[in-house]
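K.L.:
let's see this in three dimensions:
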Amino acid sequence: LGSSGSGKTFISSAIAREATRKGYSVLFSNARDLAARFTELRAQGSRVYTQARKRLQNQRLLVLDDFCLTPPSVEDTQSLFDIMNDRSGKHSTLVTSQKDAKRWVEEMGISAVGEAVAERIEANSITMVLGSGSRRRKADEQ
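P.N.:
The predicted model follows:
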């Protein structure tokens, strides 16, 4: 967790690169884009959607960048639930966000599905809060 420019994407990219270097399969995606893509796949039919879910479930590391930066649609929240439910307790998921889990539930519409998504992300998690302020602005100033 951290404000814009605090280094969340930089750190998660470094972790993803190291996992790849060690031979692990990794998918790095903007959370909104991945949820929207899975919502599109669900509309194409259950077979296509199920195959995509299985491929994603087999990724050893999934990085969801900018989680709940903007409120997801009800359909996208359902896709996020399916993704997190499939991965829960099986493989690692790294989530970056400017907001904490309570705000995620608010952004997802205070629904049972939104609460379930947040709970699956938080279960067995380690939270790292980065300092405030933008590292990009500090670098520009130097």
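K.L.:
pretty sure residue 82 sits against residue 41.
P.N.:
No. Between residue 82 and residue 41 there is no contact under C-beta atoms under 8 Å: 10.3 Å. For every residue, glycine as well, the C-beta is placed using N, CA and C.
K.L.:
these two: which is more packed in?
P.N.:
It is residue 82, of residue 82 and residue 41, that has more neighbours when counted by other C-beta atoms under 10 Å, with 22 against 17.
K.L.:
once you drop chain neighbours, what's closest to that one?
P.N.:
Leaving aside its chain neighbours, residue 82 sits nearest to residue 53 (6.2 Å; criterion: C-beta to C-beta, 6 or more residues apart in numbering).
K.L.:
neighbours around the closest residue to residue 3 other than its chain neighbours, how many?
P.N.:
Closest residue in space to residue 3, ignoring its immediate chain neighbours: residue 132 at 5.4 Å, by C-beta to C-beta, 6+ apart. Residues contacting residue 132 under the criterion other C-beta under 10 Å number 9.
K.L.:
repeat for residue 125
P.N.:
12.
K.L.:
ok, so what distance separates it from residue 47?
P.N.:
32 Å (C-beta to C-beta, to the nearest Å).
K.L.:
check residue 67 too.
P.N.:
Where residue 47 is concerned, residue 67 sits at a distance of 28 Å (C-beta to C-beta).
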